[in-house]
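>>> Okay, here's the prediction I keep looking at, along with the sequence it came from:
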Amino acid sequence: MKPFISRTVTGIFAAAFALAVTGSTIAPARAADPGVTDTEIVLGGTHPYSGPASAYGNIGKGIAAYFSYVNDKGGVNGRKIKYIDKDDGYSPPQAVQLVHQMVEQDKVFAIFDTLGTAVNTAIRPYLNQQGIPHMFVATGATTWGKDAKQFPWTIGWQPDYQSEAIIYARDILTNHPKAKIGVLYQNDDYGEDYNVGLKRGLAKHENMIVKMASYETTDPSVGSQIATLKASGADTFMIFATPKFAIQAMVLAAQQSWHPVIYLNNVSAAVPFMNAASKAGGPGAVAGVISTIYLKDPANHARYAGDAGMKLYNEIMAKYLPSADKDDGNYLYGVAIAYTMCDVLKRAGKDLTRKKVMDIAANLTEKDNPWAYPGVVIHSSPDFRFPITQMIAAKWLTTDWSPMGVLVDTRTMTTAAK
Amino acid sequence: MRSNGPRLAAIALAIVVIAVLPAIAPSFIVFDFIFVAAYAIAILGLIVLTGMNGQISLGHGAFMALGGYVAAVLAHNAGWPYWIGVPLAAVASGAFGILIGLIALRLAGVYLALATFSLAVATPSFLKHFKSVTGGFGGLSLDTVKAPGWFPLDAQNWLYYVAWAVTGVVFLLSALLVQGKFGRALRALRDNPIAAVSFGVNPYYYKTLAFGWSAVLAGIGGAFLAMATAYVSPDTFTFALSITLLIGAVLGGILTFWGALVGAIVVEFLPFVAQKINAGAPGVVYGVALILMMLFVPDGIVGGLQRLVRGLIGQPQLQPALEPTVPPAASIAVDQPSRE
């Protein structure tokens, strides 16, 4: 009986393999540029709707809301946008599989706004190999600009972290030239990018940094790091941390009666986070904190009361995401980046090809994004893949961020283009 | 004596399905099934360790990470091909497994679970720390595995057939390993360690070896996960991966090798199905599905199916498969039928 079965199995296997060979080779040739019909443009994206970074999922919801708004207004050049947005759980293998499915089954025209450095690094080779636009990735790691030659189909959107740190360094050199700097940073490439930027900005004054303390995202608290920084005698405190740890850092510094000049990175500077720190540590914990701005802040009701862009944002949120907390800057980020995407598709005209869309994205000058901070121009070139490089320093005044000085363009300062 | 027929027929069917899949399924499904192979190998490791030997590991993601990074670092930094990288991944992971197995000898039950869990939690930080080798937080990108010239299909299909050929080999090796003396010793140590030791079974030897072989399998699974993704990063191997493997083993059926195959399919596709049902809260759907399955098929999908089939053809039900003192119905894939 056994030989019979094994012979049968071998036979079936051989036949199956032969079938597999012929089956795969007669697959139909791919059409020129899938994902576009007379009435529709299909885009794909992934966001972490579950897992450790799920707060960022609201960016995807903001994007979907804006596309619904555009579709109800007649779409882009007469075509409606279909946005296929899936949960990658912040996991690179999951994202890679989803992107394969979107490209091969859903036939997306482009991948738009995938979120996270690891996720985007994982899907980038495949998309570039296939010649599919990998547009406006939601991460500020320097690799999106630095490796543009190797990956011409990939482009960033938000400012890179190094540039932001350079702005802080300039502010220190101008306003606090005798500062003794203590740095709290997240122990990964994100924190490292800020450190590199800070040192580049300080240049020959790098020795102003008296102490650096790192934390892991798994740490329960940064209490001991704060104590170390305080003990170093630092009078200027750089917080290069994600929101949870940034809030802790401000509160704990106040509790330990340490009152340095605080610089806080943009990703943790949304008004709700500042209010949380103020509530836990007292108003003194956050008074005078310095950060940067490149988008309008939806939680800042007073400043943008008469602003047309903010009015439109409120309308879109009320209609398409009525139960969402519209003060959450992640929604506004989504709406703003979706505007840039629609802008590029519109400029590409009726005759859409992937090549054309990518060319336009990499040669973009967008001056009228309703949600960019006034004056910020979204500007890219084939050699420079961080469209937003302008930021303005801002100081926290009890209830809102008050911009200081003028917009700074970091384009000429960074190494991102190389 | 039980007939070998149904079992061989099931194996033949599985082989046929795997062999023809690239011809009948869309390309991205074939791609997904490379991940199924990677998970199946790793979950098999957990079944050998936890199901057969009763040692609970919540840290098999760490062994996958080791295997994945060994293969990735060799490919990325040294340019070595995968057919050297994968065996070395297995060796490295196995050696580490034996080391952890020696420590595990002093820990039992929930303490072992906690110790292995801390291993899984520490892995991403560890990977970030040795940045010059591992690429740190940003990870390492790999070239996709290339097909040899004689292979008529594309590179993705090549990796698919390689992954499943390796899966077949490790399933066969594991089956041979747990048959006879070794398997009986593992199960005896699981069910009644005192009796086993008094009959002359050396617990140190067998338990350590079980840990080592289990880690070999997880390491190979990790290497294929890395090659299929063509990228490794600390985010690939979070502690959630270890939990996922355990979920796969338990849902598939932790007392049978078939459980590894079914469990791998479940953990691969359940998140995607959950999203289809409710895009807003896939985690909730996933959780509810888990609870329902635990309620209605506590012995795993394979165990549940076997009970169903026995019910339909009127055979008497065996002891509930989770009852550890009796060789469960589900263990037909590994038992020596002639001895029953």
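Yep, it's here. All figures in this text were calculated on a predicted structure; none of them were measured in a lab. Residues are numbered from 1 along each chain as shown, chains lettered A, B, ... in the order given.
>>> Next one: residue B:128 from chain A, what distance?
The gap separating residue B:128 from chain A is 6 Å, by C-beta to the nearest C-beta, to the nearest Å. (Each C-beta comes from the backbone N, C-alpha and C, glycine too.)
>>> and residue A:193, what is it in contact with?
Residue A:193 is in contact with A:140, A:141, A:142, A:160, A:161, A:162, A:165, counting by C-beta atoms under 8 Å, 6 or more residues apart in numbering or on different chains.
>>> Show me what from the stretch 101-250 of chain A comes close to chain B.
By the rule C-beta under 8 Å from any C-beta of the partner chain, the part of the stretch 101-250 of chain A lying against chain B is A:101, A:103-105, A:116-119, A:121-122, A:124-126, A:141, A:143, A:187-190, A:192, A:216, A:218.
>>> Let's see which of those end up in helices.
Of these, the ones assigned to helices by DSSP state H are A:101, A:103-104, A:117-119, A:121-122, A:124-126, A:143, A:189-190, A:192.
>>> Go through those residues and single out the one with the most neighbours.
residue A:119 (31 neighbours; other C-beta atoms under 10 Å in any protein chain shown).
>>> lowest-pLDDT helix or strand in the chain?
This is for chain A. The weakest-scoring helix or strand in chain A, judged by mean pLDDT, DSSP states H and E, is helix A:2-25 (a mean of 50).
>>> meant chain B actually
Result, chain B / mean pLDDT, DSSP H and E: helix B:282-296, a mean of 82.
>>> which SS state does residue A:297 fall under?
coil (DSSP: H, G, I helix; E, B strand; the rest coil).
>>> Confirm for me that it is in contact with residue A:328.
No. Assessed by C-beta atoms under 8 Å, residue A:297 is found out of contact with residue A:328, at 10.6 Å.
>>> Pull up the overlap in contacts between those two.
Both residue A:297 and residue A:328 are in contact with residue A:270, where contact means C-beta under 8 Å, 6+ apart.
>>> quick check: angle from the following helix or strand past the least confident helix or strand of chain B to helix B:282-296?
Later in the chain than helix B:282-296, the nearest helix or strand by DSSP states H and E is helix B:300-313. If you take axes from the mean of the first three to the mean of the last three C-alpha atoms, to 10 degrees, helix B:300-313 sits at 40 degrees to helix B:282-296.
>>> Which parts of the stretch 201-350 of chain A are strands?
A:209-215, A:236-240, A:261-264, A:290-293 (DSSP state E, counting those that start in this stretch).
>>> out of those strands, nearest to residue B:135?
strand A:209-215 (18.1 Å; C-beta to C-beta).
>>> who does the closest one touch, helix- and strand-wise?
On a contact count with 3 or more C-beta pairs under 8 Å, 6 or more residues apart in numbering or on different chains; DSSP states H and E, strand A:209-215 meets strand A:181-186, helix A:189-202, helix A:223-231.
>>> report the angle between the axes of it and helix A:189-202?
170 degrees.
>>> Now do the buried residues in strand A:209-215.
Across strand A:209-215, burial judged by 16 or more other C-beta atoms under 10 Å in any protein chain shown covers A:209, A:210, A:211, A:212, A:213, A:214, A:215.
>>> Need these in CSV (columns: pLDDT).
Output for these, formatted as CSV (pLDDT from 0 to 100):
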residue, pLDDT
A:209, 96
A:210, 96
A:211, 96
A:212, 96
A:213, 96
A:214, 93
A:215, 91
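>>> Can you convert those residues into TSV and add a column each for distance to residue A:52?
Below are these laid out as TSV (distance: C-beta to C-beta, whole Å):
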residue	distance to residue A:52
A:209	30
A:210	32
A:211	28
A:212	25
A:213	22
A:214	18
A:215	15
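>>> tally of neighbours for residue A:113?
Residue A:113: 27 neighbours (other C-beta under 10 Å).
>>> got a pLDDT number for the closest residue to chain B within the stretch 201-350 of chain A?
Closest contact between the stretch 201-350 of chain A and chain B, by C-beta to the nearest C-beta, is at residue A:216 (5.4 Å). Here the pLDDT value assigned to residue A:216 is 82.
>>> you'd agree residue A:84 is up against residue A:42?
Yes. Shown here, residue A:84 and residue A:42 form a contact pair, counting by C-beta under 8 Å, at 6.7 Å.
>>> what touches both of those two?
Common contacts of residue A:84 and residue A:42 (C-beta under 8 Å, 6+ apart): A:106, A:108.
>>> Wait, residue B:227 touches residue B:74, no?
No. At 11.4 Å, residue B:227 and residue B:74 do not qualify as touching, with contact defined as C-beta under 8 Å.
>>> Neighbour count for these two, which is higher?
The neighbour count for residue B:227 versus residue B:74, taken as other C-beta under 10 Å, is higher for residue B:227 (27 against 20).
>>> In terms of helices and strands, where is the more buried one?
If you go by DSSP H and E, residue B:227 is part of helix B:203-229.
>>> Skipping its backbone neighbours, what lies nearest residue A:347 in space?
Leaving aside its chain neighbours, residue A:347 sits nearest to residue A:360 (5.1 Å; criterion: C-beta to C-beta, 6 or more residues apart in numbering or on different chains).
>>> one step back: for the least confident helix or strand of chain B, packing partners?
helix B:239-252, helix B:257-277.
>>> Please state the offset of it from the chain centre?
21 Å (C-alpha atoms, centre = their mean, to the nearest Å).
>>> Not counting its own residues, what contacts it?
Where contact means C-beta under 8 Å, 6+ apart, the residues beyond helix B:282-296 that reach it are A:49-50, A:87, B:247, B:250-251, B:270-271, B:273-275, B:277-278, B:301, B:304.
>>> Nearest spatial neighbour of residue 159, chain-adjacent residues omitted?
Since no chain was named, I'll use chain A. residue A:388 is the one closest to residue A:159 (C-beta to C-beta, 6+ apart), at 5.0 Å.
>>> Sorry, I should have been clearer: chain B.
Spatial nearest neighbour of residue B:159, excluding adjacent residues (C-beta to C-beta, 6+ apart): residue B:145 at 4.8 Å.
>>> what about residue 170, neighbour count?
You didn't say which chain, so I picked chain A. Residue A:170 has 16 nearby residues by other C-beta under 10 Å.
>>> You answered for a different chain; I wanted chain B.
For residue B:170, the tally of surrounding residues (other C-beta under 10 Å) stands at 22.
>>> returning to that earlier point: measure the residue nearest to residue A:347 to residue A:348 for me?
5 Å (C-beta to C-beta, to the nearest Å).
>>> Looking at these two, which has the bigger crowd around it?
Neighbour count, other C-beta under 10 Å: between residue A:360 and residue A:348, residue A:348 has more, with 21 against 18.
>>> Skipping adjacent residues, who's closest to the most centrally placed residue in chain A in space?
A centroid search over chain A (C-alpha atoms, centre = their mean) returns residue A:138, at 2.8 Å, as the residue closest to the centre. Nearest-residue entry for residue A:138: residue A:115, 4.1 Å, with adjacent residues in sequence omitted and distances by C-beta to C-beta, 6+ apart.
>>> Check residue A:234 too.
residue A:182 is the one closest to residue A:234 (C-beta to C-beta, 6+ apart), at 3.1 Å.
>>> Run a quick neighbour tally on that neighbour.
27.
>>> picking up where we left off before, just flag the most distant two among the buried residues of strand A:209-215.
By the measure C-beta to C-beta, A:210 and A:215 form the most distant pair in those, at 18.2 Å.
>>> How much space separates the residue nearest to residue B:159 from residue B:222?
Using C-beta to C-beta, one obtains 15 Å as the distance from residue B:145 to residue B:222.
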